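Chemist: no sequence for this one, just the structure:
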């Protein structure tokens with residue numbers, strides 16, 4: 001088994017019901033693949049709790065992302081995404097540049113922006 005192939009194995013699970021526990025999350029996600037850990041972050045603010053689920057294998061994490069995103073857990077539709085840890089952000093974004101484009105006409109789509117910037121290099125993300 002490879003040590004660290006650089007592929008993400010940790011998922012962010014957000015928009016959780018306040019009744020969701022780490023045990024429940026591990027039970028659900030372990031049905032897809034063996035989980036290494038689950039860390040619940042319940043802030044005492046108005047924000048909904050969220051957690052990070054770490055898998056042993058990237059492919060299990062990818063399968064869980066596909067299977068669980070948008071699923072209802074205790075009546076609340078959860079959001080599942082790749083977790084970005086500080087170390088992976090440092091690794092990934094050393095040669096990234098953030099460009100803010102404001103005051104766009106409402107007719108401009110994400111695709112328009114992509115095609116406008118595509119000649120200048122790879123686009124990692126566009127936030128509307």
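Modeler: The structure has been received and is ready for your questions. Computed from a prediction, not measured in an experiment: that's the story for all the values here. Residues are numbered from 1 along each chain as shown.
Chemist: hmm, residue 51 is touching residue 25, no?
Modeler: Yes. Taking C-beta atoms under 8 Å as the definition, residue 51 is a contact partner of residue 25 at 5.7 Å. Quick note: C-beta positions are derived from backbone N, CA and C, even for glycine.
Chemist: now do the shared contacts for those two.
Modeler: Residues touching both residue 51 and residue 25 (C-beta atoms under 8 Å, 6 or more residues apart in numbering): 13, 38, 40.
Chemist: among these, find me the one that's closest to residue 71.
Modeler: Closest to residue 71 out of the shared contacts of residue 51 and residue 25 is residue 13 (10.0 Å), distances taken as C-beta to C-beta.
Chemist: can you pull the contacts of that closest one?
Modeler: Residue 13 sits next to 25, 50-53, 68, 78-80 when contact means C-beta under 8 Å, 6+ apart.
Chemist: any idea of the pLDDT on residue 97?
Modeler: pLDDT recorded at residue 97 is 61.
Chemist: the one 4 residues further on now?
Modeler: As predicted, residue 101 sits at a pLDDT of 67.
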